[in-house]
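In: Based on what follows, work out the 3D shape:
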Amino acid sequence: MPDRDGTTAPALRDLVEDVLEDRESLEDRLDACDAYIVLVADPDTGALDSYGPFDGTTALLDAARRREDLDDGDLGDVTVAVVRHHLPSQGSGRHAVD
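Out: Prediction:
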């Protein structure tokens, strides 16, 4: 994803480099749940938004894009995190997303 000057966004470039450098370890950590949610928290308003569910790589890329968009909007205090999503176990209730 290029910046306005045509270069690759540093956060996204760093994320891709990390994924490529430690692919096996990342896959082990990503396999520890059913899916991933991107959580965005605004400390000024108390608002929480979540996006997903995603597979691990898509969640990381979505979070990087959201972080970049927030930074471009001078909203550096807003937190963007990737969190694990666990489906309910059998018999514990119906999941809202099928």
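
In: Please enumerate the helices of this protein.
Out: 10-21, 23-30, 56-72 (DSSP state H).

In: just for this protein, where's the confidence low?
Out: 1-13, 15-16, 18-20, 22-31, 91-98 (pLDDT under 70).

In: One more pass at 90, please.
Out: For the chain, the stretches flagged by pLDDT under 90 are 1-34, 55-57, 84-98.

In: Report the buried residues of stretch 77-96.
Out: Under the neighbour-count criterion of 16 or more other C-beta atoms under 10 Å, stretch 77-96 has Val78, Val80, Val82, His85 buried. From N, CA and C alone the C-beta is placed, and that goes for glycine too.

In: which residues sit in contact with the last one?
Out: I take that to be His85. Cys33, Asp34, Ala35, Tyr36, Ile37, Gly52, Pro53 (C-beta atoms under 8 Å, 6 or more residues apart in numbering).

In: circling back: looking at the buried residues of stretch 77-96, which is nearest Glu68?
Out: Glu68 lies nearest to Val80 out of these, by C-beta to C-beta, at 9.5 Å.

In: And for the residue nearest to that closest one when sequence neighbours are not counted, the neighbour number?
Out: In space, and not counting its chain neighbours, Val80 is closest to Arg67: 4.6 Å by C-beta to C-beta, 6 or more residues apart in numbering. Residues near Arg67, counting by other C-beta atoms under 10 Å, number 22.
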